[in-house]
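Asks: Okay, predicted coordinates and the sequence, questions at the end:
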There are 2 protein chains.
Amino acid sequence: MSDCMSCVVRNRAICSALNPDELGALSKLGRKQVVSRGQTLVWEGDESLVVANVIRGVLKLGVSTADGREQIVGVVFPSDFIGRPFGKESPYSVNALTDAEVCIFTRSSFDDFAKDHPDLQHKLLQRTLDELDRARQWMMLLGRKTASERIATLLLEISNRLGNTGCSSIAPFLDQFELPMDRQQMGDVLGLTIETVSRQLTKLKEAEMIALPDRRTVVIKDRQRLQNLAEAA
Amino acid sequence: MSDCMSCVVRNRAICSALNPDELGALSKLGRKQVVSRGQTLVWEGDESLVVANVIRGVLKLGVSTADGREQIVGVVFPSDFIGRPFGKESPYSVNALTDAEVCIFTRSSFDDFAKDHPDLQHKLLQRTLDELDRARQWMMLLGRKTASERIATLLLEISNRLGNTGCSSIAPFLDQFELPMDRQQMGDVLGLTIETVSRQLTKLKEAEMIALPDRRTVVIKDRQRLQNLAEAA
DNA sequence: GTCGTTGCTTGACTTGAGTCAATGCGGCAG
DNA sequence: CTGCCGCATTGACTCAAGTCAAGCAACGAC
């Protein structure tokens, strides 16, 4: 890889655990790769051969049943880590929701490097613990929240995840943003159908909590009310 | 703690990463604690002050909304690790489903110990990755499976988790076992109501896939058919 | 014994979300 | 400009699961 030191996620990705020398060593193992929207990086059930850091773009982690039902079990943003280090087949597929750029490693070379760098493993552990907490919050959503609560939660989550680019702590969240996914994919994240997603968005628009200038753009007009709805109070 | 070397989960818990000397040092930091059914070990939203290994019994991790809906986001069995190391408040409460025994540490002393023991962190990372995979599989269940598929999945999961005690690799799963939870709690794990749980269990019984000799006992009579149902084919 | 209590099951009815089927709309190729 | 194509929205209807309300069975206290 050419230049980790100038990488836009240098200070947020797990690489931030490494000093310049270590970073140089790691950079020899990986390479940047562009992934275009819709492209699949890893298939569900395949042996886990690669891991990666997200540099730019948004990707989804998806599980599907034999009869074609799909559930998106994770959405990864820049600086997030992708993959299943230390063996095991990947229990989900990884797919680009938008054009993206990742910094990719073979699993075996990454594993070897990680074994010798406890600080890197520590960062990875923290990240995995955070991801687990997020997954559990999502379990509450999928098990117990109503359709409108789910939509409200998703919009706020995306607003936060897109806002926290870290570069500018001025914007902890965004009041206007582009959805990195279409209606079907929103349904797949929320455990709903495309029609229910559409209807609930219309309701939130009619209630003036949000505006939808075009299919992909969301404006949060009343964050407080949206938050109350999301928190299922 | 008196005697880690003779601990029943010695070879399966994260402690298996440690040599006898290290184990001796860790044992000075922790203590065994008996927890009785229904007792709460950690409250949702409280600062995470303790972590623990489960020695005996089954505990649940639960999240609830302001208006009283509950979702169980994890069930932990002997040798599993409980808690949120490295800061952060606990996003869920921890509750004993059965009488249990845990080996408990203050978070800060465990954190300090872990910092100096990369092998322990490595074990913890692997365990957390496994737990994350399990949580994601459960997201598929909560988002996309029907009531009967959910029940079938839960019964098989409990059969496997109770079977894999590690002590005897003879029994990879059990065909008869005691449910470590009541109907309400099954509903809370599956995102269903108590009535739906009861009705679906009756259906599985009528279809002769299982038998229910008493409220808490389950006998798997046709594992293959139950598995087909669970896999949502 | 019999009275409560607690947890589970069953039945009748309601409802939130799914299904099926048009219709609408914005962009782009020709 | 026109017509098509790929989403997205909307409407009418269905159905799986939830709600509300009895009953039932096992167990312990007295």
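Replies: Cool, the structure landed.
Asks: Which segments of chain A make up each domain?
Replies: Residue ranges for the domains of chain A, per automatic domain parsing: A:4-138, A:146-230.
Asks: want to throw the ones you listed into a markdown table with mean neighbour count and mean pLDDT?
Replies: C-beta here means a position set from N, CA and C on the backbone, and glycine is covered the same way. Converted to a markdown table, these look like this (neighbours: other C-beta atoms under 10 Å in any protein chain shown; pLDDT from 0 to 100):
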| stretch | mean neighbour count | mean pLDDT |
| --- | --- | --- |
| domain A:4-138 | 18 | 95 |
| domain A:146-230 | 17 | 93 |
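Asks: so A:Thr202, which of the three states?
Replies: helix (DSSP: H, G, I helix; E, B strand; the rest coil).
Asks: Look at the residue nearest to A:Lys145 when sequence neighbours are not counted and give its secondary structure.
Replies: Ranked by C-beta to C-beta, 6 or more residues apart in numbering or on different chains and with sequence neighbours excluded, the top spatial neighbour of A:Lys145 is A:Ala232, at 5.7 Å. At A:Ala232 the chain is in coil, as set by three-state DSSP.
Asks: you'd agree A:Ala232 is up against B:Asp67?
Replies: Yes: with contact defined as C-beta atoms under 8 Å, A:Ala232 reaches B:Asp67; the gap is 6.4 Å.
Asks: about what we covered before: let me see the contact set for the residue nearest to A:Lys145.
Replies: If a contact means C-beta atoms under 8 Å, 6 or more residues apart in numbering or on different chains, then A:Ala232 has A:Arg144, A:Lys145, A:Thr146, A:Glu149, B:Thr65, B:Ala66, B:Asp67, B:Arg69 as its contacts.
Asks: show me the contacts for the residue sitting nearest the centre point of chain A.
Replies: What sits nearest the mean C-alpha location of chain A, by C-alpha atoms, centre = their mean, is A:Val76, with 1.7 Å. Neighbouring residues of A:Val76 by C-beta under 8 Å, 6+ apart: A:Val54, A:Val58, A:Leu59, A:Lys60, A:Leu61, A:Ile82.
Asks: Nearest to A:Ala114, out of these: which one, please.
Replies: A:Ile82 (14.6 Å; C-beta to C-beta).
Asks: A:Thr128 looks like it's in a helix, true?
Replies: Yes: assessed with three-state DSSP, A:Thr128 lies in a helix.
Asks: Relative to A:Gly83, how far out is it?
Replies: Using C-beta to C-beta, to the nearest Å, A:Thr128 is found at 11 Å from A:Gly83.
Asks: ok, now A:Pro213?
Replies: 36 Å.
Asks: ok so, going back, which of the domains of chain A sits closest to DNA strand D?
Replies: Among the domains of chain A, domain A:146-230 comes nearest to DNA strand D, with 3.3 Å by C-beta to the nearest atom of the strand.
Asks: My guess is A:Met5 contacts A:Asn19. True?
Replies: No: between A:Met5 and A:Asn19 there is no contact under C-beta under 8 Å: 11.2 Å.
Asks: So which residues of chain A form strands?
Replies: Along chain A, the segments classed as strands by DSSP state E run A:31-35, A:40-42, A:50-56, A:59-64, A:70-76, A:81-82, A:93-96, A:100-106, A:176-178, A:210-211, A:217-220.
Asks: ok so, going back, need the max-distance pair from the contacts of A:Ala232.
Replies: Farthest pair in these, by C-beta to C-beta: A:Thr146 and B:Ala66, 13.9 Å.
Asks: surely A:Asp188 meets A:Val73?
Replies: No: taking C-beta under 8 Å as the definition, A:Asp188 is not a contact partner of A:Val73, at 9.6 Å.
Asks: any residues in contact with both of the two?
Replies: A:Gly62.
Asks: first to last residue in stretch A:207-227, what's the distance?
Replies: 14 Å (C-alpha to C-alpha, to the nearest Å).
Asks: can you tell if that stretch touches DNA strand D?
Replies: Yes: using C-beta under 7 Å from any atom of the strand, stretch A:207-227 reaches DNA strand D at A:Leu212, A:Arg215, A:Arg216.
Asks: thought the first one was touching A:Val218?
Replies: Yes: in terms of C-beta under 8 Å, A:Leu212 counts as a neighbour of A:Val218; the distance is 6.3 Å.
Asks: For DNA strand C, find the nearest of the domains of chain A.
Replies: domain A:146-230 (3.2 Å).
Asks: How far off centre is the closest one?
Replies: Offset of domain A:146-230 from its chain centre (C-alpha atoms, centre = their mean, to the nearest Å): 15 Å.
Asks: still on that earlier bit, could you dump the contacts of A:Ala232 to TSV with distance to B:Gly24?
Replies: Listed next are these as TSV, based on distance: C-beta to C-beta, whole Å:
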residue	distance to B:Gly24
A:Arg144	45
A:Lys145	47
A:Thr146	53
A:Glu149	50
B:Thr65	45
B:Ala66	46
B:Asp67	49
B:Arg69	45
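Asks: Now intersect these with the helices, please.
Replies: Members of these lying in helices (criterion: DSSP state H): A:Arg144, A:Glu149.
Asks: Please determine how far A:Leu179 is located from chain B.
Replies: 19 Å (C-beta to the nearest C-beta, to the nearest Å).
Asks: Need the phi and psi values for that residue.
Replies: Backbone torsions of A:Leu179, given as degrees, to the nearest 10, read phi -70, psi 130.
Asks: Let me see the contact set for it.
Replies: With C-beta under 8 Å, 6+ apart, A:Leu179 has these contacts: A:Ile158, A:Met186, A:Arg216, A:Thr217, A:Val218.
Asks: Check those and tell me the two furthest apart.
Replies: Across those (C-beta to C-beta), the longest gap, 13.8 Å, separates A:Met186 and A:Thr217.
Asks: Can you give me the distance of the spatially closest residue to A:Thr146 that is not a sequence neighbour to B:Ile82?
Replies: Spatial nearest neighbour of A:Thr146, excluding adjacent residues (C-beta to C-beta, 6+ apart): A:Ala232 at 7.8 Å. Relative to B:Ile82, A:Ala232 is positioned 26 Å away (criterion: C-beta to C-beta).
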